[in-house]
Each structure stands twice: as structure tokens, then as C-alpha cells.
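[1] sequence? don't have it. structure:
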């Protein structure tokens, strides 16, 4: 499979939209980003694996004021895997209300379905030390 320029733009836009929808609290629009049965692995952050859109929304609401005020995604790299499936690697920067910041790496599996490209699996890994994998 060769990703077209349009596919690459659509996948990159999908990853970028996550921060906008999350930061504005539009958790009822997560179906625009994730498959219905998406797995969101935040084990490295102490949250385990969240499965499904309702669980994603409920976890974000439960964090309340502890949610970052801003999510920024950079360094998006796409790797073609098979027809209608792409792995991506990107960096995330979260800014908290108290001014502290955190850095993570997002590892995504993104699939194309009837509604377009959606994240089916995301692993979030905290960056706590320099020069480590």
C-alpha cells in the first residue's frame, strides 16, 4: 500500500484534531477521532488501558481540573503497514494549569473505515528522562 498525499494529510489532521477537541472539552465528538472500540493505553501514566469511547470520555471528565489546559502534538511520523492501516509516532506536550509541562510519545494504530481514518489503538508513554527509549 502506498499512502496518497491526501491520506497523509488526513491522518496528520486526525492526530492534530485530538488536542483541539480534548482541550475544548468536546468529549462527545471523540468518534471523529477514534474507532468505537479504541484502546487508549495510559498505563505509563498510571491509568491502565481505556477501551471504548464512553470510557475515554468518562476518564477525561474524572480528571476534571487535572487535565492539561493544552495538548500540542509535533514530530508526526507515518509508517505504512497494510491496506487501510498506518502506524504513527508523534510527540505530545501538555501544559498544566499550574504552568508545569509534560512530554509524551504517542504510538498510534490508525485504520481507515467507512467514516475515514480513525485511531484504533493509542499508547501514551511519558518522557521522564533524556536519551531513553
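    Thanks, I have it. Just so it is clear, the model here is predicted, and its values are computed rather than measured.

[2] for the chain, longest helix please?
    Ranked by residue count under DSSP state H, the longest helix found in the chain is helix 5-23.

[3] in that one, what counts as buried?
    Residues 7, 11, 12, 14, 15, 18, 19, 21, 22, 23 are the ones in helix 5-23 that count as buried (16 or more other CB atoms under 10 Å). From N, CA and C alone the C-beta is placed, and that goes for glycine too.

[4] from those, which is closest to residue 80?
    Nearest to residue 80 among these, counting by CB to CB, is residue 7 at 9.2 Å.

[5] circling back to that earlier point, ok, so of the buried residues of helix 5-23, who is nearest residue 92?
    residue 19 (7.9 Å).

[6] I'd say the closest one and residue 73 touch.
    Yes - the criterion here is CB atoms under 8 Å, and residue 19 meets it with residue 73 at 5.8 Å.

[7] Quickly list what's touching both of those two.
    Common contacts of residue 19 and residue 73, defined by CB atoms under 8 Å, 6 or more residues apart in numbering, comprise residue 92.

[8] what ranges do the helices span in the chain?
    5-23, 53-63.

[9] what helices or strands is the shortest one leaning on?
    Right, the one you point to is helix 53-63. strand 34-41 (3 or more CB pairs under 8 Å, 6 or more residues apart in numbering; DSSP states H and E).

[10] Does anything pack onto the strand it packs on? Which helices or strands?
    For strand 34-41, the contact count by 3+ CB pairs under 8 Å, 6+ apart identifies strand 49-51, helix 53-63, strand 116-127 as packing neighbours.
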